[in-house]
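S.K.: sequence-free structure coming up:
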């Protein structure tokens, strides 16, 4: 097998990604909606997105990484 493996079927090649959670999906797992491709869990959710707590945690992590990068850049300019 070449390419990215499906998140649910490791023996199958992924054909796309879920627009809600980003999982790699094979042809059998993709749920096509007018808004894009989704996994079954995200397609079943009212707003087609994964649980809010996971998304919030990810946002805080990226905000912390960005803030750290700014601080490190400022320190490097001072030295």
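M.R.: Received, thanks. Remember, predicted model here, so these are calculated numbers, not experimental data.

S.K.: Three-state assignment for the residue nearest the centre of the chain, please.
M.R.: Most central in the chain under CA atoms, centre = their mean is residue 22, positioned 3.2 Å from the mean C-alpha point. Following DSSP: H, G, I helix; E, B strand; the rest coil, we place residue 22 in the coil state.

S.K.: Compute the distance between it and residue 7, please.
M.R.: Using CB to CB, to the nearest Å, one gets 9 Å for the distance from residue 22 to residue 7. No exception for glycine: its C-beta is placed from N, CA and C like everyone else's.

S.K.: same thing with residue 25?
M.R.: When CB to CB is applied, the distance between residue 25 and residue 7 equals 7 Å.

S.K.: centre of the chain versus the helix ranked longest in the chain, how much separation?
M.R.: Ranked by residue count and defined by DSSP state H, the top helix of the chain is helix 52-78. Relative to its parent chain, helix 52-78 has a centroid offset of 18 Å by CA atoms, centre = their mean, to the nearest Å.

S.K.: And stretch 13-23, by the same measure?
M.R.: For stretch 13-23, the distance between its averaged C-alpha position and the chain's averaged C-alpha position is 8 Å (CA atoms, centre = their mean).

S.K.: Just the buried positions in it, please.
M.R.: Under the neighbour-count criterion of 16 or more other CB atoms under 10 Å, stretch 13-23 has 14, 15, 16, 17, 18, 19, 20, 21, 23 buried.

S.K.: and the residue nearest to the fifth one when sequence neighbours are not counted, how many neighbours does it have?
M.R.: Closest residue to residue 18 apart from its sequence neighbours, by CB to CB, 6 or more residues apart in numbering: residue 39 at 4.2 Å. Here the count is done by other CB atoms under 10 Å, and residue 39 has 25 residues near it.
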